[in-house]
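[1] Could you work out the structure for the sequence below:
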Amino acid sequence: MKPRTVLVVDDEYLIRWAIAHTLSDAGYEVTAAEDGLKAIEAAKEQNYDFVITDLDMPELGGWELLDVLLKLQAPPRVIVTSARVDHDNARKVKERGGWAYIEKSSSLIEGIKETLKAACAG
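    Numbering: from 1, shown residues only. Sure thing, here's the model as predicted:
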């Protein structure tokens, strides 16, 4: 079975690095991008099984990135993260075609790993 491919998009270096490093250690093929524009470039070059994106980024934010990714020929499952507490975000992500929403907290990486594991199993 080939490893699942994941594109991690976050403008905060330490968060991007921590997610990418953890998922790589867990056996995923991981690419990282620091903003939505670079993520679109990467997604045009390679099909990803999953994209994990921050909601609030300069240039092109997570909502706009989600819309672009879902129009690709082989759209990935998009997991949106945010440090901004907004209880409607989970609903909004699902309504717009996203796979999951995870608030950034001390359990962010564990939440991402659990979401990916459930998605890969189902």
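[2] What is the helix or strand bottoming out on mean pLDDT in the chain packed up against?
    Least confident element among the helices and strands of the chain, by mean pLDDT, DSSP states H and E: helix 108-121 (a mean of 86). Under the contact definition 3 or more C-beta pairs under 8 Å, 6 or more residues apart in numbering; DSSP states H and E, helix 108-121 sits against helix 13-25, strand 50-54, strand 77-82, strand 100-103. C-beta here means a position set from N, CA and C on the backbone, and glycine is covered the same way.
[3] rank the ones you listed by pLDDT, which is bottom?
    Ranked by mean pLDDT, the helices and strands packed on helix 108-121 end with strand 100-103 at the bottom, a mean of 92.
[4] Given that strand, what are its sheet partners and their directions?
    Partner strands and pairing direction for strand 100-103 (DSSP bridges) are strand 77-82 (parallel).
[5] and the partner strand, how far from the chain's centre?
    Here strand 77-82 is found 4 Å from its chain centre; the criterion is C-alpha atoms, centre = their mean, to the nearest Å.
[6] what's the next secondary structure element after that strand?
    Following the chain from strand 77-82 toward its C-terminal end, the next helix or strand by DSSP states H and E is helix 89-95.
[7] Just confirm Ala32 is within a strand.
    Yes. Under DSSP: H, G, I helix; E, B strand; the rest coil, Ala32 sits within a strand.
[8] That one against Val8, yeah?
    Yes. With contacts defined as C-beta atoms under 8 Å, Ala32 counts as touching Val8 at a distance of 4.7 Å.
[9] Can you tell me how far Ala100 is from Glu59?
    When C-beta to C-beta, to the nearest Å is the yardstick, Ala100 and Glu59 sit 24 Å from each other.
[10] Who has more neighbours out of the two?
    In this view Ala100 and Glu59 are compared by other C-beta atoms under 10 Å, and Ala100 has more residues nearby, 21 against 12.
[11] residues making contact with the helix or strand harbouring Leu65?
    Element membership for Leu65, per DSSP H and E: helix 62-69. For helix 62-69, contacts defined as C-beta atoms under 8 Å, 6 or more residues apart in numbering pick out 9, 36, 39-40, 43, 51, 53-57, 75-76, 78, 80-82, 93, 96-98.
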